[in-house]
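In: When you get a sec, could you give me coordinates for this:
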Amino acid sequence: MNVFAYVWLLTNFLRTGLAVHTLDIYHTVEPNVYVNFGPYAYPVNTFYKWSGTNVTSANDIALWSYKFDTTSLALRAFAEYLQVDTFPPCVLYRGECHGDPGSEISPPTAFSMLDSLVTAFQNATAPAATAETAPSIPLRPQTMHLDANYEYYDRVHHYVAPKVFQSPLWRTCRALYYNPDVLSSVAAAAAANLASSRPRELQQNSISATVVDVCSMEYGGVRPYFCPTLWARFDHSCRPWKSNCVAIGRVSTHLTTRLGKLIDEYPNATIDLTIIEGSKGLDIHRGGRVFVGEAANDIVTLFRVRNCSPSSTLCETTIVDDYRYEGESFTTDILGWHTIVMLLRGAAQAYYWLRVVALYLGCYFAVAARRDKTERPGFFTRIRRAIVMCLKVPSQVIIYGSTFPLACYLIAHIIDAPLVYQFTAQKFSSFNGLFKLTLMELITVSSVQMRNVWVLAGAAHIIVRIATQRGWSPLHGIWGLPQFSIALISSITIVSQFRYISLRSMPIRSVQRIDMISRLHPPIEDMLNENGGSGKSTLGGVFLDLKAVCFSSLALFVVACTFSLVLRCVCRRIHVQFIFARSFSFVPLSAGVLWPTSSLAVSWRDDLFKFNRLERALTNYDVPPSIAQLESQQLEGPMNISTLDERSELAEATMYLMNITMLSDPIVYLSWRWYSSKTLLGYFRSSETKRVYLVPMVRTLARSDLSWAHFSCVRTVAADELTWAEIITCG
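Out: Numbering: from 1, shown residues only. Got it, this is the predicted structure:
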């Protein structure tokens, strides 16, 4: 286990890298703004109504497109606000659906949903017929604006603890309805102007013989939100080598082309257009130093081909075409922090390499030191013994005991955590809900998610530092986390980030109508959000770490306690001691003098679980209570150092190994060699055993539970004057 832990630690930079040094995998639409999803332009379906309920579709109709996909939010918001009863209750999250997100709905149902939605919107926004309504008023589309409050469940932790990991989400929705009269009248007016003065640039760019671009000011100055945005210019926001994406061009031009083809294909029918836009404003991810803002947009376009009777105003819809556009982008200044983050993680990684090498050298020179007149072991024997000694040192103490690399990793994580976690989340975002991870991607995602170990370890260091201040004595021991508890808690948070499609849910909780927002100027919140100002925020990064670690610790505690109780009932021969809340390590008197107490933020002797076979259960006779109590004390406290003369061999061996481990830390070693001239150590001789002990003088002067009546000081010496073989015996 120790070997695996060291390999995992020393190869960390190979799995996760040191820092984000480039964003070339994302397409840049403007400085510091990158496209991370899409953009996509795709036909969802085309529905044909032949007669009555005889409706067919060009493709299978996935429930995902109308209930679970983000592009369905604006559709469902208008359906709820306008109370369109043709939407099945299950689509609006008012009833149970039969099947998973990949199941299908019938063509008549989907056709009726979309047709009724457009009709309801048309009726709700139709201008009142009054005498003041004159042809001189510019023709414009009918519009409506909504704010939808919804919930988003997509990851495991969203379901396990929704109140902890979820925050209210809002989406601005806007619908524009272009009725046939508006389309034809604007086209006719444009054609008349074109006939009188035929400017070539207008003829080529915005006006055709049958329809005018929806982003033109000819529609009474009313334009969709996407008109001035860069993401809706696919020739700009798509990668140059994605020819199909680039060929879309501007969304408005693509719409105009599709509308013109329908008019040419069905010259005797009336055609209307409905544009439904959904926008999640710039969402700032807090929880780190770098600025990260994310924005998402989607467009649903519905063309209806209708047959109208010349003698009446009644029309029957025969074709409904559903076509969508969507894309996401993010803003960040991470590249400005690249050098700092790289130096921090690089220094931490290099320090750990040096730390492991120094540990081995400390063990080697301890083995090589001759303390008696026995024959000195050979070179290869010393190497083998040093390796064995190294492997006896708890790896978790090495990984989380050194303050310098821990601080470097923690600071680097605090700087870039919001963006790194955003990259992790993007691994699970995919078109139409279909995604896959390669083995290397899975390893990378898991390794990045486990960076929260530095947050937990940093908290443990602070707690140990505080707990070992005034009034503390090595005889009290040091509180620490059980070994492997940090890794286990962090591993649980990995599972929480994974996506399970069958759990996808996006119910709308409330819908409210709002006044029209002018897009001549961006919304105030967007203006405030520029350059990292205030605005809508999501607690991610380190805040997400804290929530995930706390909840994972609670979940681990509940599961482990349940497991312990069940195991005790099933197998009475095994006594299970669950060590979770705290674990004490007995330490030598050198702790806090020669090396920092925070080096034992992780317990030296206790794992998360301890399995002890009780002697009473293994024998056929009763064990006297006095013997049982003695055995219990030996199991609980083999490192008891309340008296120097009565220490066990195990206690002394562990004490020496602790000193070797802590003093071989490069910074601690340099502090001992260069800055310990004022640290006085004393050689004390026992009047009973005649043994000589090396003890820090400060431990003899301060109030202590040790009795010094039977000890006499032979001599004192500065700590930096001792050799390695001598200093490791201190305590």
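In: With adjacent residues omitted, what lies nearest to F684?
Out: F711 (4.3 Å; C-beta to C-beta, 6 or more residues apart in numbering). C-beta: built from backbone N, CA, C; applies to glycine.
In: What about the one you found? Give its phi and psi, please.
Out: phi -120, psi 140 (degrees, to the nearest 10).
In: list the contacts for it?
Out: By C-beta atoms under 8 Å, 6 or more residues apart in numbering, the contact set of F711 is 644, 684-687, 693.
In: Then V587?
Out: 474, 477-478, 597, 600, 604, 639, 641, 655, 658, 731.
In: how about a cut-off of 10 Å?
Out: Applying C-beta atoms under 10 Å, 6 or more residues apart in numbering to V587 gives the contacts 468, 473-478, 595, 597, 599-600, 604, 639, 641, 654-655, 658-659, 662, 731.
In: number of nearby residues for D60?
Out: 9 (other C-beta atoms under 10 Å).
In: Next up, the contacts around the residue lying closest to it once chain neighbours are set aside.
Out: In space, not counting the residues next to it along the chain, D60 is nearest to E104; the distance is 5.5 Å by C-beta to C-beta, 6+ apart. Residues near E104 by C-beta under 10 Å, 6+ apart: 57, 60-64, 110.
In: Which members of those residues come out as buried by neighbour count?
Out: 57, 61-64, 110 (16 or more other C-beta atoms under 10 Å).
In: how about those, which pair is most distant?
Out: S57 and W64 (14.8 Å; C-beta to C-beta).
In: In terms of helices and strands, where is the residue nearest in space to the middle of the chain?
Out: Geometric centre of the chain, nearest residue: Y421, 3.8 Å, by C-alpha atoms, centre = their mean. If you go by DSSP states H and E, Y421 is part of helix 403-426.
In: Helix 403-426 and the very next helix or strand once past that helix, what's the angle between them?
Out: Using DSSP H and E, the helix or strand that follows helix 403-426 in sequence is helix 439-449. Interaxial angle of helix 439-449 relative to helix 403-426 (axes from the mean of the first three to the mean of the last three C-alpha atoms, to 10 degrees): 130 degrees.
In: Any chance you could give me helix 439-449 in PDB, C-alpha atoms only?
Out: Below are the C-alpha coordinates for helix 439-449, written out as PDB (Å, rounded to 0.1, in the frame of the first residue of the first chain):
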ATOM      1  CA  LEU A 439      -9.700   5.500 -19.400                       C
ATOM      2  CA  MET A 440      -7.200   8.300 -19.400                       C
ATOM      3  CA  GLU A 441      -9.900  10.900 -19.100                       C
ATOM      4  CA  LEU A 442     -11.400   9.100 -16.200                       C
ATOM      5  CA  ILE A 443      -8.100   9.000 -14.400                       C
ATOM      6  CA  THR A 444      -7.500  12.700 -15.100                       C
ATOM      7  CA  VAL A 445     -11.000  13.700 -13.900                       C
ATOM      8  CA  SER A 446     -10.600  11.600 -10.700                       C
ATOM      9  CA  SER A 447      -7.100  12.900 -10.000                       C
ATOM     10  CA  VAL A 448      -8.300  16.500 -10.400                       C
ATOM     11  CA  GLN A 449     -11.300  16.000  -8.200                       C
END
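In: for that helix, the distance to its chain's centre please.
Out: 12 Å (C-alpha atoms, centre = their mean, to the nearest Å).
In: Show me what that helix is packed up against.
Out: Helix 439-449 sits against helix 12-16, helix 403-426, helix 485-496, with contacts defined as 3 or more C-beta pairs under 10 Å, 6 or more residues apart in numbering; DSSP states H and E.
In: Out of the ones you listed, indicate the one that is most buried.
Out: Sort the helices and strands packed on helix 439-449 by mean neighbour count, taking mean count of other C-beta atoms under 10 Å, and helix 403-426 sits at the top with a mean of 22.
In: what angle separates it from helix 485-496?
Out: Going by the same axes, to 10 degrees, helix 403-426 makes 10 degrees with helix 485-496.
In: Pull helix 403-426 out as PDB, backbone CA atoms only.
Out: The C-alpha trace of helix 403-426 is given here as PDB (Å, rounded to 0.1, in the frame of the first residue of the first chain):
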ATOM      1  CA  THR A 403       3.800  21.900   5.500                       C
ATOM      2  CA  PHE A 404       5.700  23.400   2.500                       C
ATOM      3  CA  PRO A 405       4.400  21.200  -0.400                       C
ATOM      4  CA  LEU A 406       1.000  21.000   1.200                       C
ATOM      5  CA  ALA A 407       0.800  24.800   1.300                       C
ATOM      6  CA  CYS A 408       2.000  25.100  -2.300                       C
ATOM      7  CA  TYR A 409      -0.600  22.600  -3.500                       C
ATOM      8  CA  LEU A 410      -3.300  24.300  -1.400                       C
ATOM      9  CA  ILE A 411      -2.600  27.800  -2.700                       C
ATOM     10  CA  ALA A 412      -2.400  26.600  -6.300                       C
ATOM     11  CA  HIS A 413      -5.700  24.900  -5.800                       C
ATOM     12  CA  ILE A 414      -7.300  28.000  -4.300                       C
ATOM     13  CA  ILE A 415      -6.200  30.000  -7.300                       C
ATOM     14  CA  ASP A 416      -7.500  27.900 -10.100                       C
ATOM     15  CA  ALA A 417     -10.100  25.600  -8.500                       C
ATOM     16  CA  PRO A 418     -13.200  27.300 -10.100                       C
ATOM     17  CA  LEU A 419     -11.900  26.800 -13.700                       C
ATOM     18  CA  VAL A 420     -10.500  23.400 -13.100                       C
ATOM     19  CA  TYR A 421     -13.800  22.100 -11.700                       C
ATOM     20  CA  GLN A 422     -15.500  23.800 -14.600                       C
ATOM     21  CA  PHE A 423     -13.400  21.800 -17.000                       C
ATOM     22  CA  THR A 424     -14.200  18.600 -15.100                       C
ATOM     23  CA  ALA A 425     -17.900  19.400 -15.400                       C
ATOM     24  CA  GLN A 426     -17.600  20.000 -19.100                       C
END
